[in-house]
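> take this sequence and fold it.
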Amino acid sequence: MLSIDHRLGKNLSEQTTLLIYAAFIGIGGGYGAVGFRFLINEFTFLFFQHNQTELASYYGVRTLFVPVIGGLMVGLLVHFFAREAKGHGVPEVMYAVTEKKGIIRPRIVVFKALASAICIGSGGSVGREGPIVQIGAAWGSTFGRLLRIREHHLKTLVACGAAAGIAATFNAPIGGALFAFEVILGNFAIANVSAIVISSVLSAAIGRIYFGNMASFPIPHYQVSGIAILFLFAVLGIIGGLYGVAYSKILLFFENLWDEIKVMPEWLKPAVGGIFVGAIGYLFPQVLGVGYPSVEKALLAHFDFSMLLILMVLKLLMTSITIASGGSGGVFAPGLYQGAMLGGAVGIVFKVLLPQMHISDGVFAAVGMSTVFAGSAHAPITAMIMLFEMTGNYQLILPLMLATVIATTVSTKINRESIYTMKLAKRGFDIIRKRASDRLSSFLVEEVMHPEKLCLRDTMTLDEAYKNFENSEEWFATVRDMEGNLLGSVSRAQVLEELQHKHGSYIITSILPKKIGHIPSKATLSEASKMMNQLDLNYLLVVDDNFKPIGVLGSSDIIRCYKE
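Numbers count the residues shown, from 1 in each chain. The predicted model follows:
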């Protein structure tokens, strides 16, 4: 691989060159977001002869069959051209950064944009943030690979692309950068800050040229004062955190449900899901597409209590069906939608119970958006800052901070996985463990334990044991009894040392340690290292769930893994 400063000359430092590349990623990501939103509008008009804003009040008969047609198109596109374009996209980016060295196929830029634009344009109840994150990340990965950038910097450019997409589409440059740190990378490493910030700023600037320099959800500047009302927002935080967990688990439930349907091909499932989407959308068009017009109405307190609850439940159902059946789109916007409805409903309850406090349910709707997103995504900093940027109301900052932190605390206590990591955990990939700051906590014992290639019987003498070592290149061997039970491990050096002391006739079990430590195969290397130190051992027997020894973990295995 070439170092990145080979491309712009050796007069520029590596960090400066990375910043220049980040600028290109930001510009490309900004125009990518503009183009993606243009595609959504074009497909919406093609299918309904209306734009996304008008779709919320469209009660036409087209709603019954258009989602079916759109679902069929998405299913064929995803199945035959880019399987990664299925779903909400962010988990695929997280997996690419953590496990695939930042490599994302270039075709994702095109096919994710098409699949998601068709899905949203035909009424699919999903958001545009997941696709734009995946599109921007794929652009960053493609750009970096074309320039043969090293793995560490390639991951940074992938995060730059994700930040650029969020920043442009929501006019939230700070939120875009924080999303890249907190969700995509899972850390706030100082080395990445400058590049991601530059990318986010340039992308947001391009977005403002085309979409205008205004908040995504312009709302009246509500006044939130006094300590008493903060207790009400704390209650909202608890409710929002619980709902965030429910949102994640219900989405996963529907995905598992649709995965179990084997009687129809995968490419047909989105069309079948479109039948349900069309039927619900025909009665309640407010839940079709991204749904931001309805969010704005909730923020302005234009819905009554019953309508808020109906739209909240239907949006949860529609989003789960759209994504689980194989549609393409994000879960961020539906989370904001449900949060606005939930917050608005809670605000109405408080307004009725406490009329003397002059409560505005619009304020609770705005804060509710942050609590549900934080509760489902486990990203409190991103949630509170993005909602502040998207509303442009500084008066919300105190209740936003309080309710968001409480929501995150509640949700993480109940559910270890976020709405983004659940999908990866379902595949058997523990991204939370992989991202642990303690690198030894990122690996399980079973992943690095030494394979058993040389096995010695417990009845062997040390002379016989050494002959086995001479016929093998192994430096250690396991010792098992006649029933095959694992008793321990000996090294070539141990046996050789005993032979030098004329102990060749000794039985091999005589040199096994008096105390032997056992470590579960699912334990981390950090736990294994601590156990070795406590017991003063240089190896442990690895046991399965039934406490049956299945292998050996030596201190050298831990050292080797740490070096790699």
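> tell me where the stretch 201-350 of the chain has helices.
228-259, 269-283, 292-299, 305-324, 332-353 (DSSP state H, counting those that start in this stretch).
> and the third one, how far out from the chain's middle?
Spelled out, it's helix 292-299. Between the centre of helix 292-299 and the centre of its chain there are 26 Å (C-alpha atoms, centre = their mean, to the nearest Å).
> dump that helix to PDB, keeping only the CA atoms.
In PDB, the C-alpha atoms belonging to helix 292-299 read as follows (Å, rounded to 0.1, in the frame of the first residue of the first chain):
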ATOM      1  CA  TYR A 292     -41.800  15.000   8.400                       C
ATOM      2  CA  PRO A 293     -44.900  17.100   7.600                       C
ATOM      3  CA  SER A 294     -46.700  15.200  10.400                       C
ATOM      4  CA  VAL A 295     -43.800  15.700  12.700                       C
ATOM      5  CA  GLU A 296     -44.000  19.500  12.100                       C
ATOM      6  CA  LYS A 297     -47.700  19.400  13.000                       C
ATOM      7  CA  ALA A 298     -46.900  17.500  16.200                       C
ATOM      8  CA  LEU A 299     -44.300  20.200  17.100                       C
END
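> what's near enough to touch the spatially most central residue of the chain?
Centroid-nearest residue in the chain, with C-alpha atoms, centre = their mean: Tyr420, separated by 3.4 Å. Remark: with contacts taken as C-beta atoms under 8 Å, 6 or more residues apart in numbering, Tyr420 is in contact with His88, Val90, Pro91, Met94, Val183, Ala377. C-beta here means a position set from N, CA and C on the backbone, and glycine is covered the same way.
> please repeat the previous calculation with a cut-off of 6 Å.
Contact analysis of Tyr420 by C-beta atoms under 6 Å, 6 or more residues apart in numbering lists Val90, Pro91.
> where's it relative to Gly165, distance?
Applying C-beta to C-beta, to the nearest Å, the value for Tyr420 to Gly165 is 15 Å.
> what of Thr156?
15 Å.
> which of the two has more neighbours?
A count of neighbours by other C-beta atoms under 10 Å puts Gly165 above the other of Thr156 and Gly165, at 35 against 29.
> name the helix or strand for the more buried one, please.
helix 151-170 (DSSP states H and E).
> flag every buried residue along that helix.
Residues of helix 151-170 classed as buried by neighbour count (16 or more other C-beta atoms under 10 Å): 153-170.
> mean pLDDT added to the helices of the stretch 201-350 of the chain, as TSV?
TSV is the format used below for those (pLDDT from 0 to 100):
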stretch	mean pLDDT
helix 228-259	94
helix 269-283	94
helix 292-299	92
helix 305-324	95
helix 332-353	94
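> nearest to Leu72, out of those helices?
helix 269-283 (4.0 Å; C-beta to C-beta).
> elements contacting that closest one?
Helices and strands touching helix 269-283, by 3 or more C-beta pairs under 6 Å, 6 or more residues apart in numbering; DSSP states H and E, are helix 66-81, helix 305-324.
> include distance to Ala366 when you put these into TSV, please.
As requested, those are exported to TSV (distance: least, C-beta to C-beta, whole Å):
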stretch	distance to Ala366
helix 66-81	30
helix 305-324	14
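> before we move on, the earlier item: buried deepest among the helices of the stretch 201-350 of the chain, which one?
helix 332-353 (a mean of 25; mean count of other C-beta atoms under 10 Å).
> not counting it itself, show me its contacts.
Contacts to helix 332-353, defined as C-beta under 6 Å, 6+ apart, come from residues 127, 129, 232, 236, 243, 290-291, 295, 298, 305, 308-309, 311-312, 315-316, 319, 359, 361, 364-365, 367-369, 372-373, 376.
> pull the contacting residues for the closest residue to Leu314 other than its chain neighbours.
In this structure, Leu314 finds its nearest non-sequential neighbour in Val287, 4.8 Å apart by C-beta to C-beta, 6 or more residues apart in numbering. By C-beta under 6 Å, 6+ apart, Val287 lies in contact with Ser125, Leu314, Lys315, Met318.
> any idea how far Ser526 is from Val287?
In terms of C-beta to C-beta, Val287 sits 46 Å off from Ser526.
> next: Tyr58.
Computed as C-beta to C-beta, the Tyr58 to Ser526 distance reads 56 Å.
> the more surrounded of those two?
For Tyr58 versus Ser526, neighbours defined as other C-beta under 10 Å are more numerous around Tyr58 (20 against 16).
> look through the protein and report the residue furthest from the middle.
Outermost in the chain, C-alpha atoms, centre = their mean: Lys502 at 60.3 Å.
> residue ranges for the strands of the stretch 451-564 of the chain, please.
Using DSSP state E, counting those that start in this stretch, the strands of the stretch 451-564 of the chain run over residues 455-457, 476-480, 486-491, 518-520, 539-543, 549-554.
> can you say which of those is packed in most?
Mean neighbour count (mean count of other C-beta under 10 Å) peaks for strand 539-543 among these, with a mean of 23.
> please parse the chain into its domains.
Here the domain parsing of the chain from automatic domain parsing is 5-211, 228-434, 439-563.
> columns distance to Ile219 on top of those, output as a markdown table?
Shown next, in a markdown table, are these (distance: least, C-beta to C-beta, whole Å):
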| stretch | distance to Ile219 |
| --- | --- |
| domain 5-211 | 14 |
| domain 228-434 | 5 |
| domain 439-563 | 43 |
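> these: which one's closest to Phe217?
Using C-beta to C-beta, those put domain 228-434 closest to Phe217, at 5.2 Å.
> now do the closest one: distance to the chain's middle.
Worked out by C-alpha atoms, centre = their mean, domain 228-434 lies 16 Å from the chain centre.
> got it, and stretch 515-530?
Worked out by C-alpha atoms, centre = their mean, stretch 515-530 lies 29 Å from the chain centre.
> one step back: got the phi/psi numbers for the residue nearest to the centre of the chain?
Torsion angles at Tyr420 (phi, psi; degrees, to the nearest 10) stand at phi -90, psi -40.
> could we number from 472 for the rest of this?
Let's use 472 as the start, then, which means that last one is Tyr891.
> ok, it to Gly632 distance?
On the measure of C-beta to C-beta, Tyr891 and Gly632 end up 17 Å apart.
> same thing with Lys768?
Distance, Lys768 to Gly632, by C-beta to C-beta: 33 Å.
> do the same with Arg616
12 Å.
> what mean pLDDT does the longest helix seen in the chain get?
Ranked by residue count under DSSP state H, the longest helix found in the chain is helix 485-519. The average pLDDT within helix 485-519 is 91.
> relative to helix 537-552, how tilted is it?
Here helix 485-519 points in a direction 140 degrees away from that of helix 537-552 (axes from the mean of the first three to the mean of the last three C-alpha atoms, to 10 degrees).
> so which elements touch helix 485-519?
Using 3+ C-beta pairs under 6 Å, 6+ apart, the elements in contact with helix 485-519 are helix 476-479, helix 579-592, helix 600-617, helix 622-641, helix 661-682.
> save these as CSV, and put in mean pLDDT and distance to Val817 too.
Formatted as CSV, those follow (pLDDT from 0 to 100; distance: least, C-beta to C-beta, whole Å):
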stretch, mean pLDDT, distance to Val817
helix 476-479, 47, 54
helix 579-592, 90, 28
helix 600-617, 89, 24
helix 622-641, 89, 24
helix 661-682, 89, 31
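> tell me the most buried of these?
Compared across those, helix 622-641 shows the largest average neighbour count, a mean of 30 (mean count of other C-beta under 10 Å).
> helix or strand for Leu858, which one?
helix 851-862.
> how about that helix: buried residues?
Within helix 851-862, the residues scored as buried using 16+ other C-beta under 10 Å are Pro851, Ile852, Thr853, Ala854, Met855, Ile856, Met857, Leu858, Phe859, Glu860, Met861, Thr862.
> check contacts around the second one.
Neighbouring residues of Ile852 by C-beta under 6 Å, 6+ apart: Leu649, Glu653.
> let's see it at 10 Å
Ile645, Gly646, Leu649, Phe650, Phe652, Glu653, Phe659, Ala845, Met872, Thr875, Val876, Thr879 (C-beta atoms under 10 Å, 6 or more residues apart in numbering).
> same deal with the fourth one?
The neighbourhood of Ala854, defined by C-beta under 10 Å, 6+ apart, consists of 646, 649-650, 653, 711, 715, 803, 806-807, 810, 840-848, 871-872, 874-876, 878-879.
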